[in-house]
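Enquirer: need coordinates for the below:
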Amino acid sequence: MEITLNNGFKMPKMGLGVWRMEKGEIKYLFLNAIQIGYRHFDCAADYKSEPEIGEALAEAIESGLVKREELFITSKLWNSDHGHVLEACKDSLKKLQLQYLDLYLVHFPVATKHTGVGNTSSALGKDGMLDIDTTISLETTWHAMEDLVYAGLVRSIGISNYDIFLTRDCLAYSKVKPAVNQIETHPYFQRESLVKFCQKHGICVTAHTPLGGAAANPEFFGATYNCLEDPLLQELAEKYGRSPAQIALRWGIQRDTAVIPKTSKLKRLEENLQVFDFELKEEDMDLIKNIDKKYRTNLISTLAWGMDIYA
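Expert: Model prediction:
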């Protein structure tokens, strides 16, 4: 199942996120994911795994396991490279061993002090807060992103972690419209207004934490709730003969969003992909609306960067 982006390219609704995936297991997981049917892979410079992913992609393509044109590969521009968009994109392409990206996103709507292309360390000032570069506007960054499309280095460009107002501004100054806004959204953080605004204006929404996955790592994120333990999702899982994770993913897909759950377990890889052979009834979709806690699980900006960028 695919979503047609506003430029005509198609993106699979189900993808695999690779954030925090151990380098030693990436090749094994990638090759197995391709073998069982995954074609959409979500990468980023900041994940520091692009060289390993590149090796896996090269092996998969050279062995005939998959053709390049069958894959949808995403990467992202890190905060410290807003003034070096072309160099950063070329660096990711080199590491991924690709001639082009299917999608390149602005990872966060914030430009920080440049630390060198390929070095995605978050620059913190003496006060422990992000060392923000106030000389680079998001509009400047976006026009540099557009140049990547003109140069044939990327097919689609988009944004990530943008709210309604930043998304609206991007639409106002863009010549090449953002094809995607990748955001945290799951049953406990539904963000209905942002999702509907994006879809109304032809921007696909991708859920980068469709299972509220950060709740499984409270020591890293500072999260406390896990939506997969919600009684309603567990009740619906029993009703449909599925897992709570499959219910959450199917809910996301029926909202017409793409979902990119992350897992390091082969059994979960298979389970997450098995959500296209059933459909949640409308009344059950409505019930899930009622469990929204407006609860963001990814609190890394507050914990690691010394500031809440969403404040």
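
Enquirer: any regions of the stretch 1-150 of the chain where pLDDT drops low?
Expert: The model of the stretch 1-150 of the chain has pLDDT under 70 over residues 20.

Enquirer: number of nearby residues for Thr297?
Expert: Close neighbours of Thr297, defined as other Cβ atoms under 10 Å, add up to 25. The way it works is simple: take the backbone N, C-alpha and C, and place the C-beta from them, glycine included.

Enquirer: kindly report the same for Gly64.
Expert: 7.

Enquirer: with Leu194 instead?
Expert: Residues contacting Leu194 under the criterion other Cβ under 10 Å number 17.

Enquirer: check contacts around it.
Expert: Leu194 is in contact with 163-164, 167, 181, 183, 185, 205, counting by Cβ atoms under 8 Å, 6 or more residues apart in numbering.

Enquirer: CA atoms only: put the helix or strand harbouring it into PDB for me.
Expert: Here Leu194 sits within helix 192-200, counting by DSSP states H and E. What follows is helix 192-200, C-alpha atoms only, in PDB (Å, rounded to 0.1, in the frame of the first residue of the first chain):
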ATOM      1  CA  GLU A 192      -5.300  15.700  14.700                       C
ATOM      2  CA  SER A 193      -5.100  19.400  13.800                       C
ATOM      3  CA  LEU A 194      -1.500  19.200  12.400                       C
ATOM      4  CA  VAL A 195      -2.300  15.900  10.600                       C
ATOM      5  CA  LYS A 196      -5.400  17.400   8.900                       C
ATOM      6  CA  PHE A 197      -3.600  20.700   8.100                       C
ATOM      7  CA  CYS A 198      -0.800  18.900   6.300                       C
ATOM      8  CA  GLN A 199      -3.100  16.600   4.400                       C
ATOM      9  CA  LYS A 200      -5.400  19.500   3.400                       C
END
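
Enquirer: quick one: list the elements packing against the helix or strand following it.
Expert: Note on helix 192-200: by DSSP H and E, the next helix or strand toward the C-terminus is strand 204-207. Using 3 or more Cβ pairs under 8 Å, 6 or more residues apart in numbering; DSSP states H and E, the elements in contact with strand 204-207 are strand 180-183, helix 192-200, strand 258-259.

Enquirer: now tabulate the ones you listed in JSON lines and tack on distance to Glu271.
Expert: Shown next, in JSON lines, are the helices and strands packed on strand 204-207 (distance: least, Cβ to Cβ, whole Å):
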{"stretch": "strand 180-183", "distance to Glu271": "23"}
{"stretch": "helix 192-200", "distance to Glu271": "25"}
{"stretch": "strand 258-259", "distance to Glu271": "13"}
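
Enquirer: among those, which comes closest to Ile3?
Expert: For the helices and strands packed on strand 204-207, proximity to Ile3 was assessed by Cβ to Cβ; strand 258-259 is nearest, at 5.9 Å.

Enquirer: I'd like the average pLDDT over that closest one.
Expert: Strand 258-259 carries an average pLDDT of 98.

Enquirer: tell me which residues in whichever helix or strand comes after it are buried?
Expert: Next helix or strand after strand 258-259 toward the C-terminus (DSSP H and E): helix 266-273. Across helix 266-273, burial judged by 16 or more other Cβ atoms under 10 Å covers 269, 271-273.

Enquirer: and the spatially closest residue to His84 that is not a sequence neighbour, what does it touch?
Expert: Spatial nearest neighbour of His84, excluding adjacent residues (Cβ to Cβ, 6 or more residues apart in numbering): Val117 at 5.5 Å. Counting by Cβ under 8 Å, 6+ apart, Val117 touches 81, 84, 87-88, 91.

Enquirer: need the buried ones from these selected in ChimeraX.
Expert: Buried members of the contacts of Val117, defined by 16+ other Cβ under 10 Å, are picked up in ChimeraX with:
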select :81,84,88,91
